[in-house]
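Asker: Coordinates for the following, if possible.
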Amino acid sequence: MLLCSGWSIVRRQASVSQVQESVALSIVSSSSVHRGVKWLSDMFDKRRFYWGVARSLMILRLAVLLSYLAANGQMQGADSLVKRLKKLDRNKDGKLARDEAPKSFRRFKFDIADRSRDGLLDAQELNRVSEKLAAKKKAVPVKTAKQIVPVNGKMRMARNIVFQKDNGASNGRNRLDLYLPRDKKEFPVIFWIHGGGLHSGDKSKIADVAARFVAEGIGVASTNYRLYPEVQHPMHIEDVATAFAWVHKNIAAHDGDPQKIFVVGGSAGGYLAALLSLDETYLKNKGLTRRDICGSIPISGLMNVSRVGAARRKGVWGNISATHRSASPLYHATKNAPPILILYAEHDTTDRQHQNEAMFAALKKSGHQDVAIHELKNRTHNNIRSNLVNQKDPGAGHILKFISRLSKRD
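Answerer: Numbers count the residues shown, from 1 in each chain. Model (predicted):
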């Protein structure tokens, strides 16, 4: 497009020159020769003419450079997948149908990429795939949790701590980050589980929010976990339980209080936070119990797996109804669960709102004595987390009050 714009400028320059020549001839033939010659001198000033040509050439060169970068720059690796997918377009209609895609791409990745939900991937949707792949960053390995460095004099940080060496995870999915207050002892800790539908997301997305909580004297441990389609349920929750066990075992060495760990997560992270807090199976496998969770804060979490679309449900949790039930936090409501604070957005989907309200009702019915629920006004499912950095954010306010109250409990 820029290249075409450059040629248009040159053509306009030529058209202007033709008009100027016609006008000049008219002036020469008139009686006002002296004024005409002066006017021609101004119009055909060599400096103006050459500057116009030079400017057009500069635009042309810029267009060529940008075209080269777009074709051969940093998107090249990601574009290779898109090119391969386009080659599979058997009927050459410019769109990729599900049956034309590779088997490894069909089941769940296809549905994610198909935003129009028409069963076809057009050029725009394929380009989004390219952009997402290009944006992924490889984790930088850290050998030991002792590599904690000060940040801005207020926070200590350690990235990519390996919490499990033998789970076969790739791309840093077996790592966690620590954000810790400086010069503070026995501080409470948020164990943060990222969202992303169990197929995407990363622990690093919480960095700005973590800094806000650190400023309040609260540590944050943000964990990754393996994702679909690399793994299916229960691998996600098992990884989260392993990461929690690592934090519980090691946080005291970094001045945090292992008895004041709060499990927090948003969206898919809210689902995992609720499941970890309610179904004790996964903690028991690590030698822990629900009592090792000081409090749980699921944010806009999935509470009933049966409410998920059929393709995604089958892909992530399999096709057995009993598994769907056992994987749903809603069916593990118990009075013995840790204190729970449920948050959801005013503009969440109606179904997600109903699921969280049903979770609250089930906990109350079970006899749970310390459960609360809040709808966050003027919030959507996707902006609850980003707004937690704001000092007057109601979601952050509820979280801080919840942690402060329970941290003072004997």
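
Asker: In the strand or helix carrying L341, which of the residues would be classed as buried?
Answerer: Using DSSP states H and E, L341 sits in strand 340-347. By neighbour count on 16 or more other C-beta atoms under 10 Å, the buried set for strand 340-347 is I340, L341, I342, L343, Y344, A345, H347. No exception for glycine: its C-beta is placed from N, CA and C like everyone else's.

Asker: That strand packs against which elements?
Answerer: strand 295-299, helix 350-366, strand 371-380, helix 394-407 (3 or more C-beta pairs under 8 Å, 6 or more residues apart in numbering; DSSP states H and E).

Asker: where in the chain is pLDDT low?
Answerer: 1-86, 103-112, 114-117, 127-153, 166-170, 409-410 (pLDDT under 70).

Asker: In it, mark out all the strands, start to finish.
Answerer: Along the chain, the stretches classed as strands by DSSP state E are 96-97, 120-121, 149-151, 155-162, 175-181, 187-193, 219-223, 256-266, 295-299, 340-347, 371-380.

Asker: Sheet partners, orientation included, of the second one?
Answerer: In the sheet, strand 120-121 lines up against strand 96-97 (antiparallel) (DSSP bridges).

Asker: From G266, how far off is the closest residue to H194 other than its chain neighbours?
Answerer: Nearest non-adjacent residue to H194, counting by C-beta to C-beta, 6 or more residues apart in numbering: G201, 4.3 Å away. Counting by C-beta to C-beta, to the nearest Å, the gap from G201 to G266 is 9 Å.

Asker: Which neighbours do the two have in common?
Answerer: Contact with both G201 and G266 is made by residues H194, G195, according to C-beta atoms under 8 Å, 6 or more residues apart in numbering.

Asker: H368 contacts I340, doesn't it?
Answerer: Yes: with contacts counted by C-beta atoms under 8 Å, H368 reaches I340, the gap being 7.2 Å.

Asker: and this structure, what are its domains?
Answerer: Following automatic domain parsing, one gets these domains for the chain: 2-72, 76-135, 149-407.

Asker: ok, and which of those domains has the densest surroundings?
Answerer: domain 149-407 (a mean of 19; mean count of other C-beta atoms under 10 Å).

Asker: I'd like to know which of the strands of the chain is closest to V247.
Answerer: Proximity to V247, assessed across those by C-beta to C-beta, is greatest for strand 219-223 (4.6 Å).

Asker: got the contact list for that closest one?
Answerer: With C-beta under 8 Å, 6+ apart as the test, strand 219-223 has contacts from 163, 175-181, 187-194, 203-204, 206-207, 209-210, 213-214, 239-240, 243-244, 247, 251, 254, 256.

Asker: Could I have the CA atoms of that strand written out in CSV?
Answerer: Provided in CSV are the C-alpha atoms of strand 219-223 (Å, rounded to 0.1, in the frame of the first residue of the first chain):
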residue,chain,number,x,y,z
GLY,A,219,4.2,-11.3,48.2
VAL,A,220,3.1,-12.8,45.0
ALA,A,221,4.0,-16.2,43.5
SER,A,222,2.8,-16.4,39.9
THR,A,223,2.8,-19.9,38.3
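
Asker: any idea of the angle that strand forms with strand 256-266?
Answerer: With axes from the mean of the first three to the mean of the last three C-alpha atoms, to 10 degrees applied, the angle from strand 219-223 to strand 256-266 works out at 50 degrees.

Asker: quick one: strand 219-223 to strand 155-162, angle?
Answerer: 20 degrees.

Asker: Show me what strand 219-223 pairs with in its sheet, parallel or antiparallel.
Answerer: Strand 219-223 has its sheet partners listed here by DSSP bridges as strand 175-181 (antiparallel), strand 187-193 (parallel).

Asker: Would you mind putting those strands into JSON lines with distance to A372 alongside?
Answerer: What follows is these, written out as JSON lines (distance: least, C-beta to C-beta, whole Å):
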{"stretch": "strand 175-181", "distance to A372": "26"}
{"stretch": "strand 187-193", "distance to A372": "17"}
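
Asker: Out of those strands, which is closest to R290?
Answerer: Of those, the one closest to R290 (C-beta to C-beta) turns out to be strand 187-193, at 13.7 Å.

Asker: Give me the angle between that closest one and helix 394-407.
Answerer: Following the same axes, to 10 degrees, one obtains 130 degrees for the angle between strand 187-193 and helix 394-407.

Asker: How about residues contacting strand 187-193?
Answerer: 180-181, 203, 206, 210, 213, 217-223, 225, 240, 243-244, 247, 251, 255-257, 260-265, 268-270, 272-273, 294, 403, 407.

Asker: could you redo the last one with a cut-off of 6 Å?
Answerer: With contact meaning C-beta atoms under 6 Å, 6 or more residues apart in numbering, strand 187-193 is reached by 181, 206, 213, 217-222, 240, 244, 247, 251, 256, 260-265, 269, 272-273, 403, 407.

Asker: Run through the residues that contact T242.
Answerer: Counting by C-beta under 6 Å, 6+ apart, T242 makes contact with Q164.

Asker: repeat that with 7 Å
Answerer: F163, Q164, K286 (C-beta atoms under 7 Å, 6 or more residues apart in numbering).

Asker: what do you get for V308?
Answerer: Contacts for V308 (C-beta under 7 Å, 6+ apart) come out as L302.

Asker: ok, so what distance separates it from T223?
Answerer: To T223, V308 is 23 Å away according to C-beta to C-beta.
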